[in-house]
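Q: the amino acid sequence is not available; the structure is as follows:
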């Protein structure tokens, strides 16, 4: 109960800090805001000083900074994120649509990464120094080192062009989800495989694991009774951290695969100085981070009975 | 419990990824870089026009001459100040409402209150004159009005589209009607059976905005897209060897230009500007970066017909002459090879933008070529709006840009906004040439093409001589088309993807 209260407090603090920081950072960016918004709205062929002047007049951009921030906070209290300066649509509507697409991508990616990473990592950990262990180390290091952009292009070339199995980009069919999700999943799995491998090595070397073997339990039972739960805690904890990797990943992957998600929108909003959209997106991402951490804590609580006594 | 959850997710995944054979459907997938930033025609009106959802009062034919569209015909009064546009009969919008002069007038009045070329025309009033005639009153004769009315931002939407001056939905009158819109990335259309003109053969189409050029090229190659607009040079070279797509190229009225601040101490002398121009190996630049032979010899490409003057002596490459010109101005090379005079270095900042990926590359090549003659250039690749912003506050020195002369089918529209008496955000800066201004002004009064010939030549020659901008290259537009699509083409004026004339092969 106290944990939930703590998390709620944390959420409020995150909301306030994110709003304040994005606001200050956007103000500090060089360039005239009205011109940037006009370029975002009308494109490079049409942006000119007349368009910028109309934007400035329409949006009342010359009001003092403190007043603009106050208005944003007041609107936030009423759960109103404002309207996009570029498209003119309510930020909330845009976020819901984009977030839906991004969540679809992110959840699929996490699920796929869990299917790939931890099982391979555990197998490698159980056969330390073996062929799988060394191979996994090589592949996961390579995948983590390669930018997602390159991994994604590679997947497009292999599955889209050479094998012609999957569509390359877009979002009209469900099958469009596969390549971007796999691109993200490979990066996630590369890390979670290493975490799982190291956790498995630790557990296998522990006295209770060796004792379980000594008392004659078959290998399968030793693992399911004494290994799985102990290995799961670091993997789940690490999932929370991987969210950062996902945020960075969706920005790149969404642009590459023309996926209409929140990362793609954020990049465009920053170019176009679309302050309400930047603030709204940062806010939602910050709150998701809090929610995810809470979920991870909860999961660890369920998995690890020792925490319940503490 | 965990196992159930896993099974659930797995089933969900399978359902979500039920393969749909994109290649076999009869939907034309159009892919282009332009995002749909909003419903307002001032924002993404060009996408709606290119998909033929909406129409304008006047169209442009293949040569860029005005052609009837929603206006069947037009007349102009003796003094050139009153235009009468007679509307096509029996035109219906996609919501079933009829096209009336009232609707046209109010759509145009909304459009001219927003940023766009129409707001720059000397229009006093636009009003209905009866049910089928729209009357436009001007404050002075203005021949380019027809071209201005053909601009995508002057599109005519149904009265139900508007809430005040705001556009709430896209209800056009074109051969295709909007069925789905997922801004900023995609929209879908289907054939509008109540269309007044020739009915297209294509029944359905989709539009997808894909910002990355390499993704667009891969979509063309894999067959995910049927009509891919705007390919980058590297992909074009690769796709030309593939038999999976057809490539179509056309020269378009867009030029790569260097805008110069003619009021800057280093650039105010025309000899300095000429030296910068002579130092550019245009052939080399075009072949190496754009990968097609498109070195500019003057401002307008040959595709612009009447504005291209074949008799004009071409801009040339002569670095030695460039150095001689600068020496003549008193510049001497210092120890580091950079020119100096009275302790000041010949150093300038070149502003450009990466929205067109070739521009920063071109900037880097120009930097090298100017270094050869002792000119030091710092590249600032930033947001496109920095060029108009720095023009206005007077800090711009050099800018590398890709200018579209066919925002309206007749370049006179762009010429007026870029090279008018006070210069223009995307054109001249601190450049004064009374003869040129007279020629330009004269052209706004003359509608007849051959009558304007002398004035046009005079204007083009003045730019060639004074170099308020330095032309570098002319653009070609390339599209990749699925071999299954017949009669696909490119409109040099970028007004349509050609859905209305395409058809599926057998």
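A: Looks like it came in fine. Please read all numbers here as calculations on a predicted model, not as lab measurements.

Q: scan chain B for its longest strand.
A: When every strand of chain B is counted residue by residue (DSSP state E), the longest turns out to be strand B:246-260.

Q: list the buried residues for that one?
A: Neighbour-count burial for strand B:246-260, with 16 or more other Cβ atoms under 10 Å in any protein chain shown as criterion, is recorded at B:246, B:251-260. C-beta: built from backbone N, CA, C; applies to glycine.

Q: what's the next secondary structure element after it?
A: Beyond strand B:246-260 on the C-terminal side, the first helix or strand identified by DSSP states H and E is helix B:270-278.

Q: against which helices or strands is that next one packed?
A: With contacts taken as 3 or more Cβ pairs under 8 Å, 6 or more residues apart in numbering or on different chains; DSSP states H and E, helix B:270-278 sits against strand B:246-260, helix B:319-328, helix B:453-466, strand B:469-481.

Q: in the helix or strand residue A:210 falls within, which residues are buried?
A: Residue A:210 is part of helix A:207-214 when elements are defined by DSSP H and E. For helix A:207-214, burial by neighbour count (16+ other Cβ under 10 Å) applies to A:209, A:212.

Q: same question for stretch B:386-400.
A: B:386-392, B:396-400.

Q: what does that stretch contact?
A: Taking Cβ atoms under 8 Å, 6 or more residues apart in numbering or on different chains as the criterion, the residues outside stretch B:386-400 that touch it are A:31-32, A:35, A:47-49, A:52, B:256-261, B:263-264, B:266-267, B:348-353, B:359, B:362-363, B:366, B:377, B:380, B:401, B:423-426, B:429, B:472.

Q: can you do 6 Å?
A: By Cβ atoms under 6 Å, 6 or more residues apart in numbering or on different chains, the surrounding residues in contact with stretch B:386-400 are A:32, A:35, A:48-49, B:258-261, B:264, B:348-352, B:359, B:363, B:425, B:429.

Q: just the buried members of those?
A: A:32, A:35, A:48-49, B:258-261, B:264, B:348, B:350-352, B:359, B:363, B:425, B:429.

Q: give me the contact list for stretch B:29-40.
A: Outside of stretch B:29-40, the residues within contact range by Cβ under 6 Å, 6+ apart are A:41, A:86-88, B:43-44, B:47, B:167, B:170, B:183-184, B:206-211, B:216, B:219, B:225-230, B:497.

Q: out of these, list just those in helices.
A: Using DSSP state H to define helices, the subset of the contacts of stretch B:29-40 located there is A:41, B:43-44, B:47, B:216, B:219.

Q: show me the shaky parts of the stretch 201-310 of chain A.
A: A:307-310 (pLDDT under 70).

Q: which positions in the stretch 151-300 of chain A make contact with chain B?
A: Residues of the stretch 151-300 of chain A lying close to chain B by Cβ under 6 Å from any Cβ of the partner chain are A:156, A:160-161, A:167-170, A:173-175, A:178, A:256, A:258, A:260.

Q: how near is residue B:166 to residue B:43?
A: 12 Å (Cβ to Cβ, to the nearest Å).

Q: of the two, who's got more company?
A: In terms of neighbours (other Cβ atoms under 10 Å in any protein chain shown), residue B:43 is the more surrounded of residue B:166 and residue B:43; the figures are 26 against 11.

Q: surely that one meets residue A:41?
A: Yes. With contacts counted by Cβ atoms under 6 Å, residue B:43 reaches residue A:41, the gap being 5.2 Å.

Q: show me where the stretch 101-250 of chain A has its helices.
A: For the stretch 101-250 of chain A, the helices defined by DSSP state H, counting those that start in this stretch cover A:131-145, A:148-155, A:178-205, A:207-214, A:219-222, A:228-256.

Q: want to throw those into a markdown table with distance to residue B:443?
A: Formatted as a markdown table, those follow (distance: least, Cβ to Cβ, whole Å):
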| stretch | distance to residue B:443 |
| --- | --- |
| helix A:131-145 | 60 |
| helix A:148-155 | 48 |
| helix A:178-205 | 52 |
| helix A:207-214 | 89 |
| helix A:219-222 | 88 |
| helix A:228-256 | 43 |
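
Q: out of those helices, which one sits most buried?
A: The highest mean neighbour count among the helices of the stretch 101-250 of chain A, using mean count of other Cβ atoms under 10 Å in any protein chain shown, belongs to helix A:178-205: a mean of 23.

Q: what packs against that one?
A: Using 3 or more Cβ pairs under 6 Å, 6 or more residues apart in numbering or on different chains; DSSP states H and E as the contact test, the elements touching helix A:178-205 are helix A:91-126, helix A:131-145, helix A:148-155, helix A:228-256.

Q: bridging residues for the residue nearest the centre of chain B?
A: Among the residues of chain B, the one closest to the centroid is residue B:404, at 4.0 Å (Cα atoms, centre = their mean). For residue B:404, the beta-bridge partners under DSSP bridges are residue B:254.

Q: thought it was touching residue A:45?
A: Yes. Using Cβ under 6 Å, residue B:404 and residue A:45 qualify as a contacting pair, with a distance of 5.0 Å.

Q: separation between residue B:213 and chain A?
A: Counting by Cβ to the nearest Cβ, to the nearest Å, the gap from residue B:213 to chain A is 11 Å.

Q: burial of that residue, as a residue count?
A: Here the number of neighbours of residue B:213 (other Cβ under 10 Å) works out to 20.
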